[in-house]
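Asker: Have a look; sequence and predicted model below, questions after that.
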Amino acid sequence: MATDKLISKVPAGPLENKWSAHKAAIKVVSPANKRKLDIIVIGTGLGGGAAAAALGELGYNVKVFCISDSPRRAHSIAAQGGINAAKNYQNDNDSVFRLFYDTIKGGDYRAREANVYRLAEVSNLIIDQCVAQGVPFAREYGGLLDNRSFGGAQVSRTFYARGQTGQQLLLGAYAALNRAVGKGWVKSYPRHEMLDLVVEDGEARGIIARNLATGDIERFGAHAVVIASGGYGNVFFLSTNAMNSNGSAAFQCYKKGAWFANPCFTQIHPTCIPVHGDQQSKLTLMSESLRNDGRIWVPKKMEDVKAIRSGAKKASDIEEKDRDYYLERRYPAFGNLVPRDVASRAAKERCDAGFGVNETGLAVFLDFKTAIERLGVDVIRARYGNLFQMYEKITDVDPYKEPMMIYPAVHYTMGGLWVDYNLETTVPGLYAIGEANFSDHGANRLGASALMQGLADGYFVLPYTIGDYLSKKIQAPKVSTDTPAFEEAEKAIREKIEKLFAIKGTHTVDEFHKKLGNVMWEDVGMARSKESLERAIVQIAQLRKDFWKDVYVPGENGEFNQEVEKALRLVDVLELGELMARDGLNRNESCGGHFRLEYQTPEGETLRDDKHYAYVAVWEYKGLDQTPEMHKEELEFEVAHPSQRNYKD
Amino acid sequence: MENKLMNLTLKVWRQKDAKSKGGFETYQVEGISPDTSFLEMLDILNNKLIHEDGQPVAFDKGCKGPFAFDHDCREGICGMCSLYINGEAHGPDSEITTCQLHMRKFKDGDTITIEPWRSAAFPVIRDLVVERGAFDKILQAGGFVSVNTGGVPDANSIPIPRDDAEESMDAAACIGCGACVATCKNGSAMLFVSARVSSLALLPQGKVEGARRAKAMVAKMDELGFGNCTNTQACQMECPKGISIGHIARLNREFLCAKFKD
């Protein structure tokens, strides 16, 4: 057991002093030396875009890679509702401590305390930075910033720009990146996909990437590599992730020695537009911010459910007394603003009981009637206009008149590459930030905290901590890509690609991906059991075999070829899906988004086992078709002592 | 389901790469639900084409196999999808991107023509995919506020009138898809450039270097081969985010004032 690799490097001392003490203790690199050091950043979302810009400003030579045609397309752009910060601008008794506490409790006590505290601590700097960049946050008539509420919190600490907060924050980071590119501090490589990490002497030295426009396989060397490529929700095929979002870059790192933490922690978002049929390619999120004013319900009477499904009645025909506002009923203190995992399970519980309101039986209502009566249509339009428009375009139903229909869908992955307090993985010189790492959200992420974490890591944490490693590299020469390690990595990639083209089977990549998604959703989804997880492991292993025998990848490598892109990503998720199932099987408790049917309270809430599972499960790759080895990072809670999450009173 | 499934004829632009000559290929696609999105319909066709590609007896024209098209978020915000559908950027619906277009806007038996964005500044990479890097280059020339990370004032230290912030947000809604350029008979990028310039010009943070920004971005736009604006307003009609040409007026004002000061 090489568990000495899992040293968190969290400094001693009181929680509120840890980050200051750490910053004072770590080394810095002088401007003259920064110029000599190269950093590769993979991904240009809020984490990668912010990191690339900030590192470029500091004077490092940065190369930034994204798979889209422009850094601005990264999927952070789709975040709708907002970003949390502990500004306490609303005078509602918010504080860094309260944001920290809500986040660690929301994560069901499976995150690292010191990282979460630091996240809350730098949250305020993010808002200042974004405003300075010209991000047009919503404002009050007096000219100051407005806030809204989000799930899992009883204060209003969420800053927003209509329903396009992610877009505006990303355009801020992208503008900072554009400035850095224009100045020559950063070189941008759009339409490039990282296919492997190159490790030499146990340290990250660079990457192999495929130029997606030409198919060229290229080598890039650097003194440090930063993975900011997001999560792996697309394992499920249907998710709210963008079609091209994928966990492959992180998974390549896992195969090259970076250990992977808590892979089974997946967030199922409660408010998404329900699945309409088998021609569907993705699911669309309806922002959590809608739960500020929308009320979630299903009919109390089965006869009303049947009438709605048959079209005999509309939702608006159901009288108030016949509606079951089940979140308000079950969780009076938080009501419709319970955390996402709680809201998702409650929707599933009602639908499993037969009260689902569409023809598939997998939908509940999100109703704005009360809010429209109270505030008027214009206020609701100003708050959520673009979301209502999006809903109407997809479903052809006007949500100002009839309630939205929603159902939970895969949205975010809390698991990711294991990192220490410096955000460094178990491979020296390899860092992971944003959704790509595991560190801040435990078993469930609160709404409006993904944007916060991406920007915190990118602007205010990594630029400090990476200096500690790079200070040891100031004498190091430029990394040569003309070495056996690069040679071998490139050769392996070329062989893998050739092998894919050579199979010439009878099924398309998407057909395999849909099959995998089905297994994942049914057996590794919102409710899991020992039985379902064991079944998933067998099925995924079989699917992997079938894939390598029977997939058909058209065309050739030396061209713009979207099928080979998808095939390469599917190769990875066919292994990652199994790892997720193994991790879920190991964790004999329920916590946050990980709900094991065997472990629940009589009321159907998650039943944690702090005695045996208050640890991060960290997986080490042992080779293809070999069982990975699990290591533990025990979680210590000095301040926020674990208790059962209570959103009732 | 009462919704009737549709059969359609598609004329799709095929082009191997930037240097090759392109042309239309005709395909049939069957059993499409009106609730299916336009891009999902293309997925279904491509899936069929991959199966046919695997069979050696399939039609042996220049372009077999699936066709390439850009797409990503499929919820109208990333700006990756493009497509000229039946002569309209992002197809026959208002204020949406192609990925938000649903098949209920078409009828059983329709013929649909699909082309890439066509503009000198956006060369075709393959089939329906174009290179839009010119937009990045324009923004790299000046589409930012020159602040480094850290050391900035408290967010509430600069009050901004709500209406200004809202108008700035209207302009900032641009997703950089390029529909404005593709629609413009001159291939002008004025709506795109003005959205960024205007969004920043409306805020005190952006005013500081407003003159420099307007000049630098306009100069880069001209250098990259975009055409001039002749006020046809076509861009505004096709913009999926409803961005108004009022922002072009503000850009012109910013640009002229900057030039006067020179």
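Answerer: It's in.
Asker: Got the domain ranges for the chain?
Answerer: By default, I'm working from chain A. If you go by automatic domain parsing, the domain ranges for chain A are A:270-410, A:486-606.
Asker: could you do chain B instead?
Answerer: Under the assignment automatic domain parsing, the domains of chain B span B:6-126, B:132-261.
Asker: nearest to chain A, of these?
Answerer: In terms of Cβ to the nearest Cβ, the element of the domains of chain B nearest to chain A is domain B:132-261, at 2.9 Å. From N, CA and C alone the C-beta is placed, and that goes for glycine too.
Asker: Do the closest one and chain A come into contact?
Answerer: Yes. Applying Cβ under 8 Å from any Cβ of the partner chain, one finds domain B:132-261 touching chain A at B:132-133, B:135-136, B:139-150, B:152-156, B:158-162, B:165-166, B:168-169, B:172-173, B:175-176, B:199-200, B:203, B:205-206.
Asker: give the contact list for residue A:129.
Answerer: Contacts for residue A:129 (Cβ atoms under 8 Å, 6 or more residues apart in numbering or on different chains) come out as A:172, A:455, A:459, B:147, B:149, B:150, B:152.
Asker: ok, now with 6 Å
Answerer: A:459, B:152 (Cβ atoms under 6 Å, 6 or more residues apart in numbering or on different chains).
Asker: And residue B:221, by the same measure?
Answerer: Residue B:221 sits in contact with B:138, B:189, B:193, where contact means Cβ under 6 Å, 6+ apart.
Asker: quick one: low-confidence ranges for the stretch 351-500 of chain A?
Answerer: For the stretch 351-500 of chain A, no stretch has pLDDT under 70.
Asker: let's go with 90 and repeat that
Answerer: The model of the stretch 351-500 of chain A has pLDDT under 90 over residues A:359, A:382-386, A:390, A:439.
Asker: Return the residues of it in contact with chain B.
Answerer: Taking Cβ under 6 Å from any Cβ of the partner chain as the criterion, the stretch 351-500 of chain A approaches chain B at residues A:393, A:459.
Asker: Tell me which stretches of the stretch 501-649 of chain A form helices.
Answerer: Assigned by DSSP state H, counting those that start in this stretch, the stretch 501-649 of chain A shows helices spanning A:509-523, A:530-550, A:562-586, A:610-613.
Asker: show me what contacts the closest residue to residue A:435 other than its chain neighbours?
Answerer: Counting by Cβ to Cβ, 6 or more residues apart in numbering or on different chains, residue A:231 is the residue found nearest to residue A:435 once chain neighbours are left out, at 4.1 Å. Residue A:231 makes contacts with A:412, A:413, A:435, as judged by Cβ under 6 Å, 6+ apart.
Asker: do that again at 10 Å, thanks
Answerer: By Cβ atoms under 10 Å, 6 or more residues apart in numbering or on different chains, the contact list for residue A:231 reads A:75, A:239, A:241, A:245-247, A:250, A:266-267, A:410-416, A:434-436, A:450.
Asker: mind listing what's buried in stretch A:278-298?
Answerer: Residues of stretch A:278-298 classed as buried: A:279-298 (neighbour count, 16 or more other Cβ atoms under 10 Å in any protein chain shown).
Asker: The residue nearest to residue A:435 and chain B, how far apart?
Answerer: The gap separating residue A:231 from chain B is 14 Å, by Cβ to the nearest Cβ, to the nearest Å.
Asker: Centroid-nearest residue for the chain?
Answerer: I went with chain A, as the question did not name one. residue A:412 (3.7 Å; Cα atoms, centre = their mean).
Asker: Actually, chain B is the one I wanted.
Answerer: Taking Cα atoms, centre = their mean, the centroid of chain B lies closest to residue B:177, which sits 2.1 Å from it.
Asker: Which helix or strand contains residue A:153?
Answerer: Assigned by DSSP states H and E, residue A:153 belongs to no helix or strand.
Asker: Please tell me I have it right and it contacts residue A:333.
Answerer: No. Residue A:153 lies out of contact with residue A:333 (Cβ atoms under 10 Å); the separation is 11.7 Å.
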